[in-house]
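# missing the sequence, but the structure's below:
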């Protein structure tokens, strides 16, 4: 069978796992106007645009809170306990962000629970607005502030220079992350850019509170998307980064643990696997070369590489499609088993900690327990939030899940002693086997959130769309036939 030749080891893999190297410079989008309207690219790149439009086929809603009810307990007090679905195609990234219960139901530009940073990975309008308003202004205020501006779902200008069409990184957060890891963005190879454009979004990040003063002298606070890469791209390196800052994404509503929420560290965990270390890029597996009307292009219908196994995996691997699928299924089964064990132990640790507090446990008694829960859940979340981790780096994924489970078990063992001391020796964790039961334990007012969201969708959201069309930033034709599936109203 034909073997595709691997390219040289990627530059960041070299930095973080081997040593620093220098590679040729590539173009960036500095001072280039961002052409964020996806339809504006169609005439020059019809085949690429046509395959991108096919990401609309990935419109199924998979309610992960329903499939894995433990999640609502693990995220009690955080937005993901309200609503969490499996990712869909790029065509629906913006709609998913608007529809999710996590973003709430704002009534104007200054209301709603989420900051503007929650738009960051959903639209090419984000780099456009960062150029127009400045990064600090963009990251200041509420999510609804840019509701009428962020109108195009993930598309062309997210990855391509609007003037040259070269691959480019338009989000300063990734550029800063690379620099914090010891590299200069100007020294990134063209090959590595085939992964880095994906890493603009498929990475771990947090919102760094940054005080600043605007041109009019107004003092403001921005929540700037920041990558925690200063200690490397490993789960332990990022944990130490956060611990040194005493950073927390939220305080757990049941256990009172200062929690970390892994976002989607796909790039980082991919870098620890054999694919990356052999020079394979994200695009090699998720955007294979295809021929349309005699033109060879990268397929922009970005999806699971197993759906195009002959064009992706089996260009390098010798197995038959049936054999290869069996291998992948086995990796997934192992990851799912360890994930389930860790989830259950973490959920029970949170609930037992909540009971310990109720019975009168002291902060001194609970300190080590909460640290175990924090570290255990961070590792579990890191291992599963990147979705394809079981395939990108199976050994690392299983290692991290094993350590996560060990931390959860340690917390539960310590809690037995604390509960016994305060009269709770017979404590048994309540049932969280369904989404409804788990959300009740997490005190999620689900129906209220749904009712408010439906009002928002019928009102303010429609206004945003009309304003974007009127301004010329949104082509209404591009949304024709778009489904509006949600987990709360099918």
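Perfect, I can see it now. None of the values given here were measured: they were computed from a predicted structure.
# now do the strands in this protein.
For the chain, the strands defined by DSSP state E occupy 206-213, 219-226, 250-251, 258-259, 289-292, 295-298.
# could you export the ones you listed as a markdown table, including distance to residue 177, mean pLDDT and mean neighbour count?
Every C-beta, even on glycine, is put in place using the N, C-alpha and C of the backbone. Below are those laid out as a markdown table (distance: least, C-beta to C-beta, whole Å; pLDDT from 0 to 100; neighbours: other C-beta atoms under 10 Å):
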| stretch | distance to residue 177 | mean pLDDT | mean neighbour count |
| --- | --- | --- | --- |
| strand 206-213 | 11 | 97 | 15 |
| strand 219-226 | 8 | 98 | 18 |
| strand 250-251 | 22 | 98 | 15 |
| strand 258-259 | 22 | 98 | 21 |
| strand 289-292 | 29 | 94 | 12 |
| strand 295-298 | 25 | 94 | 13 |
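# would you turn those into a markdown table with distance to residue 39?
Formatted as a markdown table, the strands of the chain follow (distance: least, C-beta to C-beta, whole Å):
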| stretch | distance to residue 39 |
| --- | --- |
| strand 206-213 | 31 |
| strand 219-226 | 27 |
| strand 250-251 | 38 |
| strand 258-259 | 41 |
| strand 289-292 | 19 |
| strand 295-298 | 18 |
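# closest one to residue 57 among these?
strand 289-292 (15.6 Å; C-beta to C-beta).
# show me what contacts residue 214?
With contact taken as C-beta atoms under 8 Å, 6 or more residues apart in numbering, residue 214 is in contact with 136-137, 220.
# residue nearest the middle of this structure, spatially speaking?
Centroid-nearest residue in the chain, with C-alpha atoms, centre = their mean: residue 264, separated by 3.0 Å.
# look at that residue and report its pLDDT.
If you check residue 264, the pLDDT there is 92.
# return the closest of the contacts of residue 214 with respect to residue 97.
Closest to residue 97, out of all of the contacts of residue 214 and judged by C-beta to C-beta, is residue 137, at 20.2 Å.
# near residue 293, how many other residues are there?
By the criterion of other C-beta atoms under 10 Å, residue 293 has 7 neighbours.
# for it, give its distance to residue 46.
9 Å (C-beta to C-beta, to the nearest Å).
# sorry, back to before: looking at the strands of the chain, spot the one closest to residue 131.
Among the strands of the chain, strand 219-226 comes nearest to residue 131, with 15.5 Å by C-beta to C-beta.
# elements contacting that closest one?
helix 135-138, helix 172-180, strand 206-213 (3 or more C-beta pairs under 8 Å, 6 or more residues apart in numbering; DSSP states H and E).
# name the residues that touch that strand?
Contacts of strand 219-226 (C-beta under 8 Å, 6+ apart): 115-117, 120, 135-140, 171, 173, 176-177, 205-214.
# in this protein, which helix or strand is least confident?
The weakest-scoring helix or strand in the chain, judged by mean pLDDT, DSSP states H and E, is helix 11-13 (a mean of 36).
# excluding its backbone neighbours, what's nearest residue 179?
residue 185 (7.0 Å; C-beta to C-beta, 6 or more residues apart in numbering).
# these two touch, right, the one you found and residue 177?
No. Using C-beta atoms under 8 Å as the test, residue 185 is too far from residue 177 to be in contact (9.8 Å).
# more crowded one of those two?
Between residue 185 and residue 177, counting by other C-beta under 10 Å, residue 177 is the more crowded of the two (26 against 19).
# can you lay out the helices and strands packed on strand 219-226 as TSV showing distance to residue 84?
As requested, the helices and strands packed on strand 219-226 are exported to TSV (distance: least, C-beta to C-beta, whole Å):
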stretch	distance to residue 84
helix 135-138	26
helix 172-180	23
strand 206-213	18
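# out of these, nearest to residue 421?
Among the helices and strands packed on strand 219-226, the nearest to residue 421 by C-beta to C-beta is strand 206-213 (35.7 Å).
# what's that closest one packed up against?
Here strand 206-213 touches strand 219-226, going by 3+ C-beta pairs under 8 Å, 6+ apart.
# okay, the angle between the strand it packs on and strand 206-213?
Angle between the axes of strand 219-226 and strand 206-213 is 150 degrees (criterion: axes from the mean of the first three to the mean of the last three C-alpha atoms, to 10 degrees).
# chain center to strand 219-226, what's the gap?
Between the centre of strand 219-226 and the centre of its chain there are 20 Å (C-alpha atoms, centre = their mean, to the nearest Å).
# now do that strand against helix 172-180, angle only.
If you take the same axes, to 10 degrees, strand 219-226 sits at 70 degrees to helix 172-180.
# tell me where the stretch 1-150 of the chain is predicted with low confidence.
Residues of the stretch 1-150 of the chain meeting the criterion pLDDT under 70: 1-32.
# do a quick rundown of the helices in it.
Using DSSP state H, counting those that start in this stretch, the helices of the stretch 1-150 of the chain run over 11-13, 46-53, 64-67, 70-74, 93-99, 125-133, 135-138.
# quick one: closest of those to residue 149.
Nearest of the helices of the stretch 1-150 of the chain to residue 149, taken as C-beta to C-beta: helix 125-133 at 5.7 Å.
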